[in-house]
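Undergrad: model this:
(chains A, B and C)
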Amino acid sequence: MLEKALRGSRGYWTWIIFLLAVVLIGFSFYLRQLDDGLGITGMSRDVSWGLYIAQFTFLVGVAASAVMLIMPYYLHDYKAFGKITVLGEFLAVSAVIMCILFIFVDLGQPSRVMNVILYPSPGSILFWDMVVLSGYLLINIVTGWVILSCDQKEIPPPAWVKPLIYLSIPWAISIHTVTAFIYAGLPGRTFWLTAIMAPRFLASAFASGPALLILFCLIMKKCTGFDAGRSAIQTLARIAAYALAASIFFVMVELFTVFYSGIPEHEEPFRYLFAGLDGHNNLVVWMWASAALAAGALAALIYPRARQNEAILAVACVAVFISLWIEKGLGLVVTGFIPSPLVAVTEYFPTGPEIAITLGIWAGGLLILTMLYQIFLAVRLEKQGQ
Amino acid sequence: MTTSRREFLKIAGASALTLITFPVFPVGAKENVRIPGQDFTSAKPLTARRWAMAIDTSKCSKDCTDCIVACHAIHNVPDFGNPKDEVKWIWQEPFAAVFPDNQHAYSGQAIQKMRLPVLCNHCANPSCVRVCPTQATFKRPDGIVMMDYHRCIGCRLCMAGCPYGARSMNFHDPRPFIAKINPDFPTRTKGVVEKCNFCQERLAKGLLPACVLACKEKALVFGDLEDPLSDIRSLLKERFNLRRKAHLGTRPQIYYIV
Amino acid sequence: MKQHKWRFILPGLVIFVVGVTFPLWYSAVNSTPVPVLSLDTPVINQLQNKECVEDKAFMSADHMKMLHAWRDEVVREGKREYTAKDGRKFEKSLTRTCLSCHSNKEQFCDRCHNYAGAKPTCYDCHIIPEEVKK
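TA: Have a look, this model is predicted:
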């Protein structure tokens, strides 16, 4: 089946070569980072995590969102998703690979990464994150691949796949919960120190992931002739709408607790995010843009006439994705470090090399995703043609 | 190998030396005829059941940096020359930054202008140790929170986990940024996190921490909290003291006498 | 069809086998002479019994394992004294014990490490006393 990724139109190859070029640029900057150290990034003593870990956090959510296709189809027998569950699994595969790469490029001593396995530390949430992420990657590669190849041969999937698929459902929840626990268990970081962190993560994940899947389905419909089906896309849109509403609700709940209780340590990071603190307001514009996009997208997704118009739906999905990317892929990680334990406000600006490496990993993930989807399309269109 | 044989060899060696090598070697060269490091007898190490430090803030003068200079020179702490990449083991902060909860507009000038030394708190319940995915940072039985620089992968979760900002990352190779290398202590490599180690390498040789000895005012008192007769115990008993962010449950072991 | 397949498989296999065995025949053709390690340092010259911490065979084969063990014992367990097989005692210290005798790192350590293609990272942090003096 793998060879199907090597057959494609001119557009396909142009896209592949473009992605490869971005990967190579990112990689060349990574070599520089290996040589110089993480000092070539914008991270500092005060803001010791930045773009890399933020992308990791965001993408764990995208990976977990595959469960929004698996659960309706396998648990509730929602037939409309039958055609596209594999798309969710392949999205999870590429997202988890990006997560692992983002963790890897963030390490100061990447050559020692095996120490995590050599000296397993069950007290560390990062250790568990490694366990659940690698498990999730494996489950999704296996289930996605087996189901697609059985489809191709027109035989029913083997019996052992079903339990694995059922396992993938709680497993998907676990990857994002464990990722939230990395943050929510740190005593001094009041911005992250909240029990709503894991639910918030899951809600925003189940909005951004399906939004991305809708976009992919719409693109494929336009460019390749593969149609996921109107009801599948509309159901995904409803899922995104509910999840986005939950995500916004969770943020409001957090804001109430923080500001009504009036505890300064809890207020300050939120002040920094939405109003600026001590004259530092790097993220304020971004966060209000995120809030506006979320509100607009929610309105469009809730109102059936708007949602059913695929052009509006596409715009709404882009808005959901950007809004939640800003919230999680930009605001969440950096603000945890502001103000610092010694009440200093240090701003974070990602550097050029850091952005190039980040784009390189995104391109690498998209490359994997494109090739997996190309295989999927070849199998599906072959059958449609018959 | 039995001790008697070792003793015998020693005696034999020594007598052989006096007979054979004495005329050849200049006087005093006898000590050279042994493998360096052999028969390593360290001075009696300083040990404790729970190391801790008390800082008498009234003795600590705002313009004095003796403890900082001594610590950073002895431990080959690099100076990258910018706050972004800064590495520090012990440094000064204003009272309001060290004790944000105990600061208000009506405290006297003395408090408002006060600058206090801050360092790793060697917590009894250290969150950095809890979060480390490789046990590169760990707590010794005597309470010292140690870094194993060989094992650190540079994930910086400990920096997020430390509520005191006591940890620094080597964002570059530190070697070129050390003004004068102390050959008795290793440097670090790029990509690892470092912090104060309560001078465990000096305690092993029977020496007090460098900052404690460097302080002319004797503002830093280092000792065993589990020893009821120690200086630090009587000091903590007699004088009112604060710990940074004690409400977080990390049980910090640096006590500020105010 | 079968023939056609092998036209691709065979060259691929050849490239694979050549690639995998590259180190073997490369070193067979370009044999580098075994390096001569110098023991000519002031401290070693004054030693009567020129014996390292352990015997020579053990040291040349296993010094890295011993140093790893020293490293973990000193840092993690605070055990700083090493008792050799013959009962002599040493401080577990690369800089203070090993390099005091082998002060000629370039003619001793590096020669063999270069020959064996070993790149120990010890000296990223641990100090070579001679270098600091310069």
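Undergrad: close to chain B, is the lengthiest helix in chain A?
TA: Secondary structure of chain A per DSSP state H: the longest helix is helix A:352-385. No - with CB under 8 Å from any CB of the partner chain as the criterion, chain B is not reached by helix A:352-385; the gap is at least 12.1 Å. From N, CA and C alone the C-beta is placed, and that goes for glycine too.
Undergrad: grab the nearest non-local neighbour of residue A:298.
TA: Leaving aside its sequence neighbours, residue A:298 sits nearest to residue A:244 (CB to CB, 6 or more residues apart in numbering or on different chains; 5.3 Å).
Undergrad: for that neighbour, give its distance to residue A:316.
TA: 9 Å (CB to CB, to the nearest Å).
Undergrad: residue B:95 too?
TA: 52 Å.
Undergrad: ok, residue A:19 next?
TA: Taken as CB to CB, the span from residue A:19 to residue A:316 is 26 Å.
Undergrad: so between these two, which is more surrounded?
TA: Using other CB atoms under 10 Å in any protein chain shown as the criterion, residue A:19 and residue A:316 rank with residue A:316 on top: 28 against 21.
Undergrad: can you check the pLDDT for that one?
TA: Per-residue confidence (pLDDT) for residue A:316: 96.
Undergrad: can you verify it is assigned to a helix?
TA: Yes - secondary structure assignment (DSSP: H, G, I helix; E, B strand; the rest coil) places residue A:316 inside a helix.
Undergrad: now do the contacts for it.
TA: Residues in contact with residue A:316 (CB atoms under 8 Å, 6 or more residues apart in numbering or on different chains) are A:211, A:237, A:296, A:297, A:300, A:301, A:306, A:307.
Undergrad: and which of these is nearest chain C?
TA: residue A:211 (42.9 Å; CB to the nearest CB).
Undergrad: center of chain C, which residue is that?
TA: Nearest to the mean C-alpha position of chain C, by CA atoms, centre = their mean, lies residue C:113 at 4.9 Å.
Undergrad: for that one, which non-adjacent residue is closest in space?
TA: That would be residue C:120: by CB to CB, 6+ apart, it lies 6.4 Å from residue C:113.
Undergrad: who touches both of residue A:244 and residue A:316?
TA: A:297, A:301.
Undergrad: give me the pLDDT for the residue nearest to residue A:298.
TA: pLDDT, residue A:244: 97.
Undergrad: how about the residues of the stretch 101-250 of chain A by chain C?
TA: Counting by CB under 8 Å from any CB, no residue of the stretch 101-250 of chain A is near chain C.
Undergrad: just to revisit the earlier point, surely the residue nearest to residue A:298 touches residue A:293?
TA: No - Residue A:244 lies out of contact with residue A:293 (CB atoms under 8 Å); the separation is 10.4 Å.
Undergrad: who has more neighbours, the two?
TA: More neighbours surround residue A:244 than the other of residue A:244 and residue A:293, with 28 against 21 (other CB under 10 Å).
Undergrad: residues of the stretch 1-150 of chain A that sit close to chain B?
TA: Neighbours of chain B within the stretch 1-150 of chain A, by CB under 8 Å from any CB: A:36-39, A:43-46, A:48-49, A:103, A:106-110, A:112-113, A:115-116, A:118-119, A:121, A:123-127, A:130.
Undergrad: hmm, the residue nearest to residue C:113 is touching residue C:64, no?
TA: Yes - with contact defined as CB under 8 Å, residue C:120 reaches residue C:64; the gap is 7.3 Å.
Undergrad: what about residue A:105, neighbour count?
TA: 24.
Undergrad: quick one, what contacts it?
TA: A:30, A:33, A:52, A:357, A:361.
Undergrad: cool, residue A:361 as well?
TA: A:26, A:55, A:98, A:101, A:102, A:105.
Undergrad: going along the chain, name the helices of chain C.
TA: Going by DSSP H, chain C shows helices at C:2-29, C:42-46, C:56-77, C:99-101, C:111-116, C:122-125, C:129-133.
Undergrad: just how off-centre is the shortest one within its chain?
TA: Spelled out, that is helix C:99-101. 16 Å (CA atoms, centre = their mean, to the nearest Å).
Undergrad: which strands and helices sit next to it?
TA: With contacts defined as 3 or more CB pairs under 8 Å, 6 or more residues apart in numbering or on different chains; DSSP states H and E, helix C:99-101 has these neighbours: helix C:42-46, helix C:129-133.
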